[in-house]
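Asks: Task: produce atomic coordinates for the following.
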Amino acid sequence: MSSSPPPRDYAALARDIKRWALELGFADAGVADTDLTEDELHLKRWLDDGHHGEMDYMARHGDKRSRPQELEPGTIRVVSVRMDYVPPGTRNAWDVLGDAEAGYVARYALGRDYHKLMRNRLQKLAERIHEQVGDFGYRAYVDSAPVLEKALARNAGLGWIGKHTVLINRRAGSYFFLGELYTDLPLPVDKPASAHCGSCRRCIDICPTQAIVGPYRLDARRCISYLTIELKTSIPEELRAPMGNRIFGCDDCQLICPWNKFAQDASEPDFAPRHSLDGAKLVELFGWSEQEFLKRTEGMAIRRTGFEGWLRNIAVGLGNAPSSAEVIASLRARADYPSEMVREHVAWALRRHEQKPPLTLTLSPGKSRGEGTY
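Replies: Predicted structure coming up:
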């Protein structure tokens, strides 16, 4: 008569998984259950308000985004991981924002696109687990499916969702990527992180386009990250001047956050800035051909905006730059560009230089790491 195998120590397995995650280059890992009831209600209110703009994918898949067990049947736990993304030596973000002749690219997008890199690491984590427990059900996600990643990370103890809707870790700020491993293993769950924003509203006050319409409420239609990446049509004219020199994404709400004085340097060398994009001149970037754009952004998140979106965004930046013969000549060189959208934004930029003085950027950089290093 054969005896049944001894019960597995899932608490020990959870500790091993977190250790393996660190060995694979993740900065932290935690375990959450699949209950996202309150977050589902918040998502539905956000969608009902139309704050997702043209991001129709946010409304697809029914409730699968907030119900992991329906997205991946059999899921009872989620291993959430994070990875820091700003490497040492990256040019000071406030300095770039204060240089109206330079183009500002969100710090997460300066190097290699993180999606494939993190998915590969999560796959390796799953393989380590398989070596220990044998066959088990799992699926890895890194922005590759309808997942409420910030809510899951909060429930796994990795941080709280700040008033700007970005996850904040009290020991590491908010400059990190998130990924998930959905699994059918009954791992013990971690304690959800508590919130520590208090009465602070710096992120709300500094937003250039006032996209944070209230604590924990982001109207993506006004967010510069949405306008420069997700939006595929013309940028609303009233939002162009406030964009300043931000040509791909925006970090202001994170730059001003006091918790980012604890931000950690990235250990992944592939996240290092490529082609001096942590402060390249707008005129230089506007002069790229489509072939140069495709070559220089290969393997980078910047590809998401497409070449026309890239020119559109830089045209706005040039419209907000100080007037100079070089800036105006650069704009005029694209005045007859085949894309109607690009021509529209170039014409707007030229009118800016003809009709009024260029925009003066007003910044309030601090001296701590959380208020000026990036």
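
Asks: Please count neighbours and contacts with C-alpha atoms only from this point.
Replies: Noted.

Asks: Ala349: what's it in contact with?
Replies: By C-alpha atoms under 8 Å, 6 or more residues apart in numbering, Ala349 lies in contact with 315-316, 318-320, 331.

Asks: secondary structure class for it?
Replies: helix (DSSP: H, G, I helix; E, B strand; the rest coil).

Asks: hang on, the earlier thing: out of the contacts of Ala349, which two are the most distant from each other?
Replies: Asn320 and Leu331 (12.0 Å; C-alpha to C-alpha).

Asks: Show me the strands in this protein, by range?
Replies: 28-32, 77-84, 104-105, 138-141, 160-161, 167-168, 176-183, 212-214, 217-218, 246-248 (DSSP state E).

Asks: what packs against the third one?
Replies: To tie it back to what came earlier, the one meant is strand 104-105. If contacts are counted by 3 or more C-alpha pairs under 8 Å, 6 or more residues apart in numbering; DSSP states H and E, strand 104-105 sits against helix 93-97, strand 246-248.

Asks: repeat that with 6 Å
Replies: strand 246-248 (3 or more C-alpha pairs under 6 Å, 6 or more residues apart in numbering; DSSP states H and E).

Asks: next one: the last one
Replies: Applying 3+ C-alpha pairs under 6 Å, 6+ apart, one finds that strand 246-248 contacts strand 104-105.

Asks: ok, 8 Å please
Replies: strand 104-105, helix 224-225, helix 306-319.

Asks: Ok, which of these comes nearest Leu41?
Replies: helix 224-225 (24.1 Å).

Asks: Show me what the mean pLDDT comes to for the closest one.
Replies: For helix 224-225, mean pLDDT rounds to 98.

Asks: Show residues contacting that helix.
Replies: So helix 224-225 is contacted by 209, 243, 246, 248-250 (C-alpha under 8 Å, 6+ apart).

Asks: For the residue most central in space within the chain, give its distance to Ile224.
Replies: Note on the chain: the residue nearest the mean C-alpha position is Tyr108, at 6.4 Å, using C-alpha atoms, centre = their mean. Distance of Tyr108 to Ile224, given as C-alpha to C-alpha, to the nearest Å: 14 Å.

Asks: How about Phe248?
Replies: From Phe248 across to Ile224, the span is 8 Å (C-alpha to C-alpha).

Asks: Same check on Tyr114?
Replies: 21 Å.

Asks: who has more neighbours, the two?
Replies: Ile224 (28 against 21; other C-alpha atoms under 10 Å).

Asks: what about that one, distance to Arg343?
Replies: With C-alpha to C-alpha as the criterion, Ile224 and Arg343 are 20 Å apart.

Asks: Also Asp35?
Replies: 48 Å.

Asks: who's more crowded, those two?
Replies: Arg343 (20 against 17).

Asks: Next up, the contacts around that one.
Replies: Counting by C-alpha under 8 Å, 6+ apart, Arg343 has contacts 334-337.
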